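# Here's a sequence, model it:
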Amino acid sequence: MRKFAYLVPKTLDQAVSLHQSHGNRAMYVAGGTDVMVKVKSGKITPDYLISLKHALGSPQLRVNSDTGELHIGSLVTHRTLETSSTIKRHYPILHDAVQHIGSVQIRNVATIGGNLVNAVPSADGAIPLIALDAVAKVYAGTGERTVDLIHFFEGPGQTVLAPGEILTEIVVPKQPAPSAGAYQKYGRREAMELPLIGVGVQLSLEQGSNRCTKARIALGVAAPTPMRSLAAEHYLVGKEITEETLGEAGKLAADESRVRDSVRGLAWYRREMVEVFVKRMGMKCLERIKEMGA
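Predicted coordinates:
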């Protein structure tokens, strides 16, 4: 493994300054579960790794009591999200995703920020957050900007982050009530496996009925970047959520997906799985909304 210098800045400004000083010879590291694998395999050869552990401060996971927004610091680990009663009860779509990322040992170290910045099409953390209309907060030394998470990814391994910019936080807006979501990934085995497809559905209904007022359908490994099925979402709004309407939404999502053949799965099969899982996760949303009102 190539040798590198490990730098530990105390503030975000120091981290940005170090990155600017060393240019493309440096890269940021948080939990390191992705970065170190690439370093050891020789896929990347940085001269400097800049730790964000102290610069970003203590990981924060909180709900703003005034706005109802969920704030997730980029250093929050998957295990923290998995074991949070707030996430499990109020954001089940996110809980569905993080509990199956890698092993418990990996989830204890891997961060949600790292999962997003790594920007692989199969990133389990991205799909539920996109379905929840999350935004990313980004720091660049000259100030902070926000990016809708659906626009955060530009291609496999590519994000909108400019050199030196740091993802600091993910903010999830308050969801209209009643709402619930569900996520399922499909692979050849349940654990420690990159998904062949990942589907997240988030639905909001009218009070006292099954009529849909808002729908989000997010897909992973269905395109070069995580995507939403806008046609399926538009179709569901204003309709009663039933197996039939969800089945039609699944067909629309499958048609809208941009799946391709790969060594891990064929496009036609992935397309069928999109159709099946949109319907299945939609019914799971309906079930969860009823449970919340019980």
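
# So for the longest helix anywhere in the chain, mean pLDDT?
Secondary structure of the chain per DSSP state H: the longest helix is helix 267-293. Helix 267-293 shows an average pLDDT of 94 in the prediction.

# which other helices and strands contact it?
On a contact count with 3 or more CB pairs under 8 Å, 6 or more residues apart in numbering; DSSP states H and E, helix 267-293 meets strand 179-186, strand 197-205, helix 243-256. To be clear about C-beta, it is placed using only N, CA and C from the backbone, and glycine gets the same treatment.

# mind listing what's buried in it?
270-271, 273-286, 288-289 (16 or more other CB atoms under 10 Å).

# before we move on, back to that, if you compare the helices and strands packed on helix 267-293, which one is most tucked away?
strand 197-205 (a mean of 28; mean count of other CB atoms under 10 Å).

# Would you list the strands that it pairs with, along with their directions?
Applying DSSP bridges, strand 197-205 is found paired with strand 179-186 (antiparallel), strand 212-220 (antiparallel).

# any chance of those strands in TSV, with distance to residue 206 and mean pLDDT too?
Listed next are those as TSV, based on distance: least, CB to CB, whole Å; pLDDT from 0 to 100:
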stretch	distance to residue 206	mean pLDDT
strand 179-186	11	95
strand 212-220	6	97
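
# In a markdown table: these, plus distance to residue 61.
Shown next, in a markdown table, are those (distance: least, CB to CB, whole Å):
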| stretch | distance to residue 61 |
| --- | --- |
| strand 179-186 | 18 |
| strand 212-220 | 21 |
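
# returning to that earlier point: of all the helices and strands packed on helix 267-293, which lies closest to residue 139?
Ranking the helices and strands packed on helix 267-293 by proximity to residue 139 (CB to CB) places strand 197-205 first, at 27.1 Å.

# so that closest one versus helix 267-293, what angle?
30 degrees (axes from the mean of the first three to the mean of the last three CA atoms, to 10 degrees).

# ok now strand 197-205, how far from the chain's centre?
Here strand 197-205 is found 13 Å from its chain centre; the criterion is CA atoms, centre = their mean, to the nearest Å.

# before we move on, what about stretch 128-136?
Taking mean C-alpha positions (CA atoms, centre = their mean), stretch 128-136 and its chain are 7 Å apart.

# Please apply the same query to stretch 203-210.
The answer for stretch 203-210 is 25 Å, by CA atoms, centre = their mean.

# now the end-to-end length of it.
One end of stretch 203-210 sits 10 Å from the other (CA to CA, to the nearest Å).

# what's next to that stretch, contact-wise?
Under the criterion CB atoms under 8 Å, 6 or more residues apart in numbering, residues 175-181, 211-216, 236, 240-242, 282, 285-286, 289 lie in contact with stretch 203-210.

# wait, what's in contact with the residue nearest the centre of the chain?
In the chain, the centroid-proximal residue (CA atoms, centre = their mean) is residue 126; its distance is 1.4 Å. Applying CB under 8 Å, 6+ apart, we find residue 126 in contact with 115-116, 149, 153, 218, 220, 226.

# Which two among these are spaced furthest apart?
115 and 218 (14.6 Å).

# Now the residue nearest to residue 267 when sequence neighbours are not counted: phi and psi?
Nearest residue to residue 267 in three dimensions, chain neighbours excluded: residue 259, at 4.6 Å (CB to CB, 6 or more residues apart in numbering). Here is the backbone geometry of residue 259 (degrees, to the nearest 10): phi -70, psi 160.

# so how far is stretch 253-267 off the chain centroid?
Going by CA atoms, centre = their mean, where stretch 253-267 is centred and where its chain is centred differ by 20 Å.

# With stretch 54-67 instead?
That offset, for stretch 54-67, works out to 18 Å (CA atoms, centre = their mean).

# Equivalent analysis for stretch 35-51, please.
For stretch 35-51, the distance to the chain centre is 23 Å (CA atoms, centre = their mean).

# Equivalent analysis for stretch 274-293, please.
19 Å.

# And for stretch 174-182?
The answer for stretch 174-182 is 17 Å, by CA atoms, centre = their mean.

# Please apply the same query to stretch 29-44.
20 Å.

# any idea of the mean pLDDT for it?
89.

# OK, contacts around the closest residue to residue 203 other than its chain neighbours?
Nearest in space to residue 203, with sequence neighbours left out and distances taken as CB to CB, 6+ apart, is residue 285 at 4.3 Å. If a contact means CB under 8 Å, 6+ apart, then residue 285 has 180-182, 201-203, 241 as its contacts.

# now the residues you listed as a markdown table including distance to residue 103?
Formatted as a markdown table, the contacts of residue 285 follow (distance: CB to CB, whole Å):
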| residue | distance to residue 103 |
| --- | --- |
| 180 | 28 |
| 181 | 24 |
| 182 | 23 |
| 201 | 26 |
| 202 | 27 |
| 203 | 31 |
| 241 | 35 |
